[in-house]
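>>> Give the three-dimensional model of this entry:
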Amino acid sequence: MAASGNAAWVVWLAALLVTLILPSRAHADASLDGRTLSYQNDAGTVVWSRAYPAELGPLSGPLTQDGLSWLAVGPALYAYAPDGEQRVRLDFPAEVSALDGGGGVLQATAGFGSVRQTFTVTGTVTDLQVQGRVVLPPDAGITGWLARAAAAVPQAQLVQAARQDPSNPFVQLRLARLAQLLGDRSGAVAAAQQAVNLGVPFAASVQLASQLDTAGYPAVADLALGRAARDWAARGYDPALAVSQAALRAYGDPLAELNVLLSQNKLRRADAWIRYLRLTSPRFEGYPETYARYARILDAQDRGGEADEWRQFSLSLSAGTLYNLGPGSLPALQSAARLLALALLLAILAALLSYTLHYWTVQGNDLSRLGGRWRSWLRHPLSRARRITLAYAGFGEKLVLAALLLGLLLSLSAWAWTGRVQDRLLSPVLNAGTYGGAWFYDGLDRLGLSGNPAYIALIRGLASQLGGDTAAARQTYASAGSAPGACILNNLAVLSVQGGDSAQARDSFRQALAQDPGQLSASYNLGLRPQSPETGFQETLRPGQPRLCYPDQQTLIQALDTPPGDSALGLLSDPWRTLNNLPTGLPRPLQWLWVGLLLLLGAASLLWLIIPRLPGGRDAGRPPLYRLAALLLPGAALLEGAWGSVLLLGWAVTLAVLAGHLRLVPADALLGSAGPGLGTTLMVLLAVIYGLNILLFVLDEVRSARGARRAERA
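Sure, this is the predicted structure:
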């Protein structure tokens, strides 16, 4: 009896040792096999499993935390209970690359390029959320992930997918369409409403609204747009910032939906979509044309009052742009600089041709003693250089040429500056509707702001402030100097409000308004109720919150690059590099050739300006070809006087503008809105210039003939 009892104890102890020492799979756990997540109970039986198609992106995990099994799928993080119920889906701004549960805190890492962000998941099991601000980049692969996940579900598995992933509204919408096909109208409406009630980022809500409109649920689509607007505001996106059409496409493409509705003449639905754009992102790329189109449609329906209101709203958005010319100000200035450069180049070529024809004979006579017009360059290079065509011109003619060349260099500098700033201003990081997040910082670092340090501090400080990092925001604002601008003063005051110092905040708001009486944010924060799209957005979607100040286009331009004057000085200090960087579209060898010729001509014109005129230049007379050039090139034979420069520049500018009007030179940004009457006006102007030139040419011929007769009599 004792022996059997001892044997039982030995067996029990052996089993205990095996349990403690040897690894066992007989406990509850989630494991990943390929792209299938399985959960086993304590007995080692698979309780449930989920399969994730490859098109949904990489998987990270699984990780067990607080009794939940976590798995990252692309930019989404799922939590599953032991019974397989999906407890939460959390959305991230990029594909999650790592999960970490060290210290009992769940952290997920996501990012772009060299910049990575680590997010902490907080809350109770029934209320889990991502700590901090999640900024959605304008990346359709991220913002369209939910719709893509729903589209990957086979039709036969829709009901099962809705049970397994009840947080995906696009699965619910597919169920609504299926119910509609089966004639279950009430079931379809219920599924559509359930889809809208699910919490998703604003981009998914806009996509959902578009699909709801297509499916014939306009009221539910309006609810989705309302949710999108609230989420847009909650994430720190703002109507003060520009949004490119590429970003709009990633954010659900409301502009495309609007254009479709307008083309289908569904104005009631179009009104809902254009008002969503007006509320959340009124400064989207191409807004003047869209608002003008909508106003024309309203005019056609005898709704002139509404049409005028939309036109006035569009004009109001030009405040803060370069010279208040609207979003197309920089392209227009670039076109103007390009046309001016073309005009000055035409004038220079005309002047050089005129000089060549005028002094050809006397120059040939002088060079015949040196071996001829071309051989003299080899035999007597210095003497030949002394007898270039410009050496025979009078001081007035040389001065005109030097002035034209200087004007050409300045216009080329303006062309280069506007092109460079426009390219940088169109950077996606500045046209996504907000600042902050890994995608923003990665792009901003690559953009490399090189302008005014105070405005750079405003952009970076604002991004930190939107992200909730008040210490970094204060430190960045402090780098703007001891006298920060009105915008930074306002944002510092907002920090004071959030810190509970309302007295200091009001004082800073007053200082900001005193420094810039047009500061809308400070005016709004002082309760003066200014009317603007931004303040209307704040009252509607962020009631009770102080308003931050965002940089306008002029501020961005000054942050992006050096001022135009510094750019012109850069041209004088390094003209070769600056001119070769011009966006002419020419092959590099041709670019080098014309830049080299231009710089050589400029150096010669300045040098020969101080060298006395050769004696033969005064006896050149008026050869027949020179007279013909004088008739064909207005002002070219009169450059010793003021009228010659006026006529030559007027002729050259008119031809350059005509070339832009005929689209021989890119100038649509400047001349695109000009009507067909511009061509007629330019032709009339050319006729007037040629008429004045003929009159002055005849008078000059008469004066020359009288001078010749007096010389003969003497």
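
>>> going forward, measure contacts and count neighbours with C-alpha atoms only.
Fine.

>>> How many residues are close by residue 393?
For residue 393, the neighbour count with other CA atoms under 10 Å is 25.

>>> ditto for residue 496
When neighbours are counted by other CA under 10 Å, residue 496 comes out with 17.

>>> Next, the contact list for the residue nearest to it when sequence neighbours are not counted, please.
Counting by CA to CA, 6 or more residues apart in numbering, residue 496 lies nearest to residue 505, which is 5.3 Å off, once chain neighbours are set aside. Contact analysis of residue 505 by CA atoms under 8 Å, 6 or more residues apart in numbering lists 492, 493, 494, 495, 496, 497.

>>> How about the backbone phi and psi for the residue lying closest to residue 314 once chain neighbours are set aside?
Leaving aside its sequence neighbours, residue 314 sits nearest to residue 288 (CA to CA, 6+ apart; 6.1 Å). Phi and psi for residue 288, reported as degrees, to the nearest 10, are phi -60, psi -40.

>>> Pretty sure residue 288 sits against residue 313.
No. The criterion here is CA atoms under 8 Å, and residue 288 misses it with residue 313 at 9.8 Å.

>>> Which one's more surrounded, these two?
A count of neighbours by other CA under 10 Å puts residue 288 above the other of residue 288 and residue 313, at 21 against 17.

>>> Next one: that one from residue 282, what distance?
From residue 288 over to residue 282 the distance is 10 Å, taken as CA to CA, to the nearest Å.

>>> Same question for residue 235.
Counting by CA to CA - residue 235 and residue 282 are separated by 17 Å.

>>> can you check residue 385 too?
In terms of CA to CA, residue 385 sits 62 Å off from residue 282.

>>> Between the two, which has more neighbouring residues?
Under the neighbour definition other CA under 10 Å, residue 385 and residue 282 were set side by side, and residue 282 has more, 25 against 14.

>>> how long is stretch 163-170 from one end to the other?
Note: stretch 163-170 ends 13 Å apart using CA to CA.

>>> Same question for it: list its buried residues.
164, 165, 166, 167, 168, 169, 170 (16 or more other CA atoms under 10 Å).

>>> which residues are in contact with it?
84-86, 88-89, 146-147, 150-151, 162, 172, 194-196, 198-199, 208.

>>> And stretch 176-187, by the same measure?
188, 189, 190, 191, 192, 215.

>>> Where does pLDDT dip in this protein?
1-28, 113-114, 565-573, 583-585, 708, 711, 714 (pLDDT under 70).

>>> ok, which stretches of it are strands?
For the chain, the strands defined by DSSP state E occupy 29-33, 36-40, 46-51, 59-65, 68-73, 76-80, 86-91, 96-100, 106-112, 115-124, 127-130.

>>> ok, residue 364 - contacts?
372, 373.

>>> if I look at it, how far off is residue 262?
In terms of CA to CA, residue 364 sits 71 Å off from residue 262.

>>> Neighbours of residue 116, how many?
For residue 116, using other CA under 10 Å, the count is 17.

>>> And the residue nearest the centre of this protein?
Centroid check for the chain by CA atoms, centre = their mean gives residue 426 as the closest residue, at 2.5 Å.

>>> Phi, psi for the nearest residue to residue 550 once chain neighbours are set aside please.
Computed as CA to CA, 6+ apart, the closest residue to residue 550 that is not its neighbour in sequence is residue 240, at 6.4 Å. Dihedral angles of residue 240 (phi, psi; degrees, to the nearest 10) stand at phi -70, psi -20.

>>> Might you report the residue contacts of residue 240?
281, 283, 433, 533, 534, 550, 551, 552 are the contacts of residue 240 under CA under 8 Å, 6+ apart.

>>> Nearest residue to the first one in space, please, no chain neighbours.
On the basis of CA to CA, 6+ apart, the spatially nearest residue to residue 281 that is not a chain neighbour turns out to be residue 239, at 4.6 Å.
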